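**Student:** This is the structure alone, sequence omitted:
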């Protein structure tokens, strides 16, 4: 039984913008499930200072133009006080400007270093943090002898960080539909391991193009999507992800673990959505900051504590 009555003037809304159709459907619905659990708990406890919380879920199709449009949709609703979502940097970057103009905070798992500054709160590791951890891992893999395969822009980022490379650095255009030439170059290099920095679909394309013997592939990013795409590739696959596993013993996640009913493979994503949503709502309840700008400022001061 919900303790907070439905009333237009007693509402507070959280936006959730994710790709609910296509390759990322499972990840998007994991986030949705986690956010719903969090909001259900808050409403059961009386809402946020008597205001009932509602979730506004929108589909960004992992498309930059659609992501920006959906951010505008949230911005024009005065009852929306914060947004969670945008799984990829490609969708988060164009949306962030609209959120900022509207005074809305964005809590996102997107990894690009350009996503930073007031009103943006990253839920996992950044590209740089993932890359540095991948280098540490690669040093223990085949003695660090590996090639780097990256989108053009990411390869430049790798070089700018001075990250070590023991093999070739091969690049490809973003969203390239054919990576067979790249596969032939990798085969000629006889590299035992490949560190791949790019989109999961393109990593899958590369794996499908490689002939035996295939190198070990280390993917920089959430490996759930790639392992689904590459199930028939017969390749040794590991990944360095922006999220760690769920700590089921964490006091903050006790209720979540008891209520979660989704796939084990995406539980970590649901847990991050749950924590992010609860952090926003608990910050609003504790500080009384239920207006956008005030809530963003309160999150800046309190988010680390409320996410612990």
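**Tutor:** Sure thing, it's come through. Keep in mind that this is a model prediction, so the values were computed, not measured.

**Student:** nearest spatial neighbour of the residue nearest the centre of the chain, skipping sequence neighbours?
**Tutor:** In the chain, the residue lying closest to the centroid (Cα atoms, centre = their mean) is residue 109, at 2.7 Å. Distances taken as Cβ to Cβ, 6 or more residues apart in numbering put residue 123 closest to residue 109, at 4.6 Å, once the chain neighbours are dropped. In this view, the C-beta of every residue, glycine as well, is placed from N, C-alpha and C.

**Student:** what number of residues lie near that neighbour?
**Tutor:** The number of residues packed near residue 123 is 21, by other Cβ atoms under 10 Å.

**Student:** again with residue 128
**Tutor:** Residue 128, neighbours per other Cβ under 10 Å, totals 16.

**Student:** Double-check it against residue 115; I have them as touching.
**Tutor:** No - the criterion here is Cβ atoms under 8 Å, and residue 128 misses it with residue 115 at 11.8 Å.

**Student:** Using neighbour counts, pick out the buried residues of stretch 15-26.
**Tutor:** For stretch 15-26, the neighbour count (16 or more other Cβ atoms under 10 Å) marks 15-20, 24 as buried.

**Student:** Of those, which belong to helices?
**Tutor:** Per DSSP state H, helices hold no members of the buried residues of stretch 15-26.

**Student:** In terms of model confidence, name the weakest of the residues you listed.
**Tutor:** Among the buried residues of stretch 15-26, residue 24 carries the weakest pLDDT, at 85.

**Student:** in the stretch 201-308 of the chain, what spans have low per-residue confidence?
**Tutor:** Low-confidence segments of the stretch 201-308 of the chain, defined by pLDDT under 70: 222-225, 227-236, 305-308.

**Student:** let's see 90
**Tutor:** Flagging of the stretch 201-308 of the chain using pLDDT under 90 yields the residue ranges 201-255, 257, 262-268, 302-308.

**Student:** in the stretch 151-300 of the chain, which spans are helices?
**Tutor:** With DSSP state H, counting those that start in this stretch as the criterion, the stretch 151-300 of the chain has helices at 152-160, 180-189, 200-209, 223-229, 254-259, 267-287, 292-306.

**Student:** in the stretch 1-150 of the chain, which spans are strands?
**Tutor:** All strands of the stretch 1-150 of the chain, identified by DSSP state E, counting those that start in this stretch, fall at 11-18, 52-59, 80-85, 105-108, 120-122, 147-151.

**Student:** which strands and helices sit next to the third one?
**Tutor:** Contacts of strand 80-85 with other secondary structure elements, assessed using 3 or more Cβ pairs under 8 Å, 6 or more residues apart in numbering; DSSP states H and E, are made with strand 11-18, helix 25-44, helix 64-75, strand 105-108, helix 267-287, helix 292-306.

**Student:** For the fifth one, buried residues please.
**Tutor:** When neighbours are counted by 16+ other Cβ under 10 Å, the buried residues of helix 267-287 are found to be 267-285.

**Student:** which ones are touching the residue at the greatest distance from the centre of the chain?
**Tutor:** Ranking residues of the chain by C-alpha distance from their mean position (Cα atoms, centre = their mean) puts residue 188 at the top, at 34.5 Å. Under the criterion of Cβ atoms under 8 Å, 6 or more residues apart in numbering, residue 188 has no neighbours.

**Student:** what's the answer for residue 36, then?
**Tutor:** Contacts were defined as Cβ under 8 Å, 6+ apart; by that measure residue 36 touches residue 55.

**Student:** Please report how far it lies from residue 260.
**Tutor:** Here residue 36 is placed at a distance of 11 Å from residue 260 (Cβ to Cβ, to the nearest Å).

**Student:** Could you list the low-confidence segments of the stretch 51-200 of the chain?
**Tutor:** Under the criterion pLDDT under 90, the flagged ranges of the stretch 51-200 of the chain are 88-90, 111-113, 124-179, 182-200.

**Student:** can you do 70?
**Tutor:** Low-confidence segments of the stretch 51-200 of the chain (pLDDT under 70): 142-145, 153-167.

**Student:** Report the separation between residue 269 and residue 124.
**Tutor:** Going from residue 269 to residue 124 by Cβ to Cβ gives 10 Å.

**Student:** coming back round to it: so which of the helices of the stretch 151-300 of the chain gets nearest residue 81?
**Tutor:** Among these, the nearest to residue 81 by Cβ to Cβ is helix 292-306 (5.4 Å).

**Student:** And that closest one, what does it pack against?
**Tutor:** strand 80-85, strand 105-108, helix 267-287.

**Student:** okay if I get the helices of the stretch 151-300 of the chain as CSV plus distance to residue 172?
**Tutor:** Shown next, in CSV, are those (distance: least, Cβ to Cβ, whole Å):
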stretch, distance to residue 172
helix 152-160, 7
helix 180-189, 6
helix 200-209, 7
helix 223-229, 16
helix 254-259, 39
helix 267-287, 27
helix 292-306, 36
